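Enquirer: model this:
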Amino acid sequence: MAAGGMQLLVSDFVMSFMWVWSSVINKLFVYSFLGLRPHEATTEAIKCSLSILNMFFFAYLGKVTKGGAYNPLTILSGAISGDFSKFLFTFGARIPAQVVGSITGVRLIIESFPEIGHGPSLNVDIHRGALTEGLLTFAIVTISLILSRSMPGSFYTKTWISSLSKLSLHILGSDLTGGCMNPASVMGWAFARGDHLTKEHMVVYWLAPIQGTLLAVWTFKLLARPTKEEKANTNSKKSD
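Expert: Now for the predicted structure:
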């Protein structure tokens, strides 16, 4: 394995570990350190602000690590569009690294703060849950693809729009499935509870988001017009 590939695996593991911890740290800061009560306007405003800052921080980490990620869906959309070796590397190495990082992080959380909770849970039937996670994933992947094409160099603007979109979609699905849109993170909590191999977990938090990602990528390719660079590359291949 090349040095760049190993660096990506380490980055994926560490960022996935940090991501599950970040949500716990935010809760401890809001409820324990600040002493705020749940479901109050001030509490929700601070939680949303911290979530956006958190997503900016992880977006910066992804930039610094040259592609490191904590969410399988983020790298899956790129793997679908890439060559077969990239697809195998993503499914065979990067996604498992993210899952192991999340499981390791959750185990340490439970040992350190056993009262913190048990992670996201399915509060509706499996069909509604799968539809919810699939639609949420379809929406956020589509937004990410549009941003990457329309603003390829604008890090802060793109991250701001992406963060607000993720937060809004998370709030929409939080009462139904947790609004996760991150199979690796959910796997960490499910593994700790011992229900990571259940039909509900696999269908709602893995199969539905993957299908939503595939549908978003294929729909975007079908509807989006090719850029000038893509046209130039196509023409050069034809001339060769």
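
Enquirer: Spatially nearest residue to the residue positioned nearest the centre of the chain (excluding sequence neighbours)?
Expert: The C-alpha lying nearest the average C-alpha coordinate of the chain belongs to residue 71 (C-alpha atoms, centre = their mean; 3.5 Å). Residue nearest to residue 71 in three dimensions, not counting chain neighbours: residue 182, with 4.6 Å by C-beta to C-beta, 6 or more residues apart in numbering. Just so you know, the C-beta spots here come from the backbone N, C-alpha and C atoms, and that holds for glycine as well.

Enquirer: is it true that that neighbour touches residue 69?
Expert: No - the criterion here is C-beta atoms under 8 Å, and residue 182 misses it with residue 69 at 10.2 Å.

Enquirer: surely the residue nearest to the centre of the chain meets residue 98?
Expert: Yes - using C-beta under 8 Å, residue 71 is in contact with residue 98, at 7.3 Å.

Enquirer: Could you list the low-confidence segments of this protein?
Expert: 1-3, 82, 152, 225-240 (pLDDT under 70).

Enquirer: just the strands in this protein please.
Expert: Counting by DSSP state E, the chain has no strands at all.

Enquirer: quick one, what contacts the residue nearest to residue 71?
Expert: Residue 182 makes contact with 19, 70, 71, 72, 73, according to C-beta atoms under 8 Å, 6 or more residues apart in numbering.

Enquirer: filter those residues to the buried ones?
Expert: With burial judged by 16 or more other C-beta atoms under 10 Å, the buried subset of the contacts of residue 182 is 19, 70, 71, 72, 73.

Enquirer: Which ones among those lie within helices?
Expert: Applying DSSP state H to the buried ones among the contacts of residue 182, the entries found in helices are 19, 72, 73.
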